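give me the fold of what follows.
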Amino acid sequence: MSKLPSHIAVARRGLMFVMSSPSGAGKTTLSRKLLDADSNITMSVSVTTRKPRPGEVDGRDYHFLTQDRFDHMVARKDLLEWATVFGNSYGTPKAPVEAALAAGRDVLFDIDWQGTQQLAQAMEDDLVRVFILPPDADTLRTRLISRNQDSSAVVAKRMAEAPREISHWAEYDYVIINADFEVAHEEVLAILKAERLKRKRQVGLTDFVRKMTKDL
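Presented below is the predicted three-dimensional model:
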């Protein structure tokens with residue numbers, strides 16, 4: 001008797017995996033860990049008008065644009081979503097996302113609730129929304145300070161903004177409390193695996209079942 005294959009590949013449409021959180025809750029760290037753990041998900045590289053932070057590379061972390069070029073992309077409807085956050089504009093280019101989904105690849109988004117709402121309006125059937133919460137306010141403040149990216153004034157501004165950002169948690173499909181990073185990472189992986197198995201995304205199932213029943 002021949003050995004059955006351990007996995008049968010069925011054609012699948014990719015999904016848009018969004019992780020949002022107040023600044024400092026850990027979504028960026030969780031995003032990087034997910035990218036390292038899974039080769040079939042790629043980061044959506046946003047365009048932005050803000051200046052690069054130390055260590056950031058144009059085209060890898062963001063596409064850094066002038067405001068005029070950003071406004072031109074908005075006018076041409078080349079962005080799936082866009083928003084202005086703390087005086088800087090951010091947006092998601094449409095073409096690379098649509099190409100990845102059609103090829104069965106998943107796309108990861110590290111965006112806020114405003115961008116998530118716009119993605120839902122544009123492509124809700126492809127969207128999986130995950131909101132990351134800190135375990136408490138003190139931990140959030142400590143994480144913001146310890147990453148050494150912002151002045152004390154900006155940290156205070158981000159803390160003041162956190163309640164409004166957190167108020168949108170109920171708009172998301174899943175909520176993870178990031179008290180323990182490794183536990184939160186495993187929960188992210190579990191969500192991604194379950195969403196990939198949804199029937200609506202396995203576009204090759206019809207042909208697979210038709211062939212199997214024909215051979216019975």
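
where does the protein have low pLDDT?
1-6, 148-150 (pLDDT under 70).

how does it look with 80?
Across the chain, residues meeting the criterion (pLDDT under 80) sit at 1-7, 146-152.

just the helices in it please.
27-37, 67-75, 94-102, 113-123, 137-146, 152-166, 181-196, 205-215 (DSSP state H).

please identify the deepest-packed of those helices.
Highest mean neighbour count among the helices of the chain (mean count of other Cβ atoms under 10 Å): helix 113-123, with a mean of 19. Where C-beta positions appear, they are placed from N, C-alpha and C, glycine not excepted.

now the angle from it to helix 152-166?
With axes from the mean of the first three to the mean of the last three Cα atoms, to 10 degrees applied, the angle from helix 113-123 to helix 152-166 works out at 40 degrees.

surely residue 23 and residue 162 touch.
Yes: counting by Cβ atoms under 8 Å, residue 23 does reach residue 162; the two are 7.3 Å apart.

out of the helices of the chain, the one nearest residue 14 is which?
helix 94-102 (3.9 Å; Cβ to Cβ).

which residue is nearest the centroid of the chain?
residue 109 (2.2 Å; Cα atoms, centre = their mean).

so what's the nearest residue to that residue once chain neighbours are set aside bridging to?
Nearest residue to residue 109, sequence neighbours excluded (Cβ to Cβ, 6 or more residues apart in numbering): residue 18, at 4.4 Å. Taking DSSP bridges as the rule, residue 18 bridges to residue 109, residue 129.

circling back to that earlier point, for residue 88, which of the helices of the chain is the nearest?
Among the helices of the chain, if distance is taken as Cβ to Cβ, the winner is helix 67-75, at 9.3 Å.

distance between that closest one and the chain's centre?
When C-alpha coordinates are averaged (Cα atoms, centre = their mean, to the nearest Å), helix 67-75 and its chain have centres 23 Å apart.

elements contacting it?
Helix 67-75 makes packing contacts with strand 47-48, strand 79-85, strand 88-93 when contacts are defined by 3 or more Cβ pairs under 8 Å, 6 or more residues apart in numbering; DSSP states H and E.
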